[in-house]
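# Prediction below, plus the sequence it came from.
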Amino acid sequence: MTAEENTVVVERDETLEASYANRSDPAHHPEQAKGIEGSALCCSDGARTFSRLAYRAAKRAFDVVFSACVIAVAFMPGLVLCVLVALDTHGTPLYSQERVGMGGKTFRILKFRTMVADSDDVEKYFTSEQLEAWVRERKVDNDPRITKLGSLLRKFSLDELPQFLNALIGQMSVIGPRAISKDELNQHFTPNERKVLLSVPCGITGWWQVSERNDATFESGERQRLELEYVKNAGFSIDMHIFAKTFGAMFGEKTGR
């Protein structure tokens, strides 16, 4: 075979290679490119869904195990504390209030009583300035209704120990946004923010408690920002961070009012 014939053969091979390259190039086949992109998006969405489900399952398992352990360890001291609280407040040792949980479902949150038995009669105890703060924040500085024992329980967040019962039965989580009332929800959050906030279970401890806490108020908007920031970034990493910082918040300067 001559050199010229060899050249022709090579040229034909290059033409075939170019043809195959064009066939495999998605730019020459928009339908194929869309199919590839769709498959990638589908896989990405599936991975995110699986990740969310795995996170929720692991978190629920942690809530059950950890809450059960806390209840078992604190059961006998809790009984003693019930007697002391009853003597101190002249009321029932456990106090419950309605809160809004995941999906907008209401439940009764449990706490050790830290105030006098008639604490719901706020006008009896508050000044006009305190009443304004109470309507706005549902908290006031130097609350006259809090007893001496109640002040000690609040200092170390021990008044919230009964909430592990709420977490055990699935009404709350160990870690999540602070449980709030219907009035707080409707007054301080927009409809879209409410939907976001209630997409996860509320928690015994959370981002608000371990960061600004009493310094982050509804009036300033910081309380809302912190709660929504947690929901949007919820995951194993931030939960472990909050869990570790909770002990510092309990025994540090940031205490409940």
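Great, that's in hand.
# now the one helix or strand I109 maps to: how far from the chain's centre is it?
Assigned by DSSP states H and E, I109 falls within strand 106-112. In terms of CA atoms, centre = their mean, to the nearest Å, the gap separating the centre of strand 106-112 from the centre of its chain is 17 Å.
# All the strands of the stretch 1-150 of the chain, in order from the start?
Assigned by DSSP state E, counting those that start in this stretch, the stretch 1-150 of the chain shows strands spanning 94-100, 106-112.
# tell me the most buried of the ones you listed?
Among the strands of the stretch 1-150 of the chain, ranked by average contacts under mean count of other CB atoms under 10 Å, first place goes to strand 106-112 (a mean of 18). Where you see a C-beta, it was placed from the backbone N, CA and C, and this is true even at glycine.
# Any chance you could list what contacts it?
With contact meaning CB atoms under 8 Å, 6 or more residues apart in numbering, strand 106-112 is reached by 81-82, 85, 93-101, 153, 158-163, 165-166, 171-172, 179, 182.
# same check, this time on stretch 64-82
93-94, 112, 158, 161-162, 164-165, 167-168, 174.
# which of the residues in that stretch are buried?
Buried positions in stretch 64-82, judged by neighbour count with 16 or more other CB atoms under 10 Å: 66-67, 70-71, 78, 81-82.
# Likewise for stretch 232-248?
In terms of neighbour count (16+ other CB under 10 Å), stretch 232-248 has its buried residues at 234, 239, 242, 245-246.
# out of those, who's nearest S119?
Sorting those by distance to S119 puts T246 at the head of the list, at 26.0 Å, by CB to CB.
# show me where pLDDT drops low in the stretch 101-250 of the chain?
Within the stretch 101-250 of the chain, the set of residues satisfying pLDDT under 70 comprises 212-214.
# ranges for the helices of it?
Counting by DSSP state H, counting those that start in this stretch, the stretch 101-250 of the chain has these helices, from start to end: 122-125, 128-137, 148-155, 163-168, 182-188, 191-197, 207-210, 222-233, 236-251.
# Need those in a markdown table (columns: distance to V116).
A markdown table is the format used below for those (distance: least, CB to CB, whole Å):
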| stretch | distance to V116 |
| --- | --- |
| helix 122-125 | 8 |
| helix 128-137 | 15 |
| helix 148-155 | 9 |
| helix 163-168 | 21 |
| helix 182-188 | 22 |
| helix 191-197 | 32 |
| helix 207-210 | 25 |
| helix 222-233 | 27 |
| helix 236-251 | 24 |
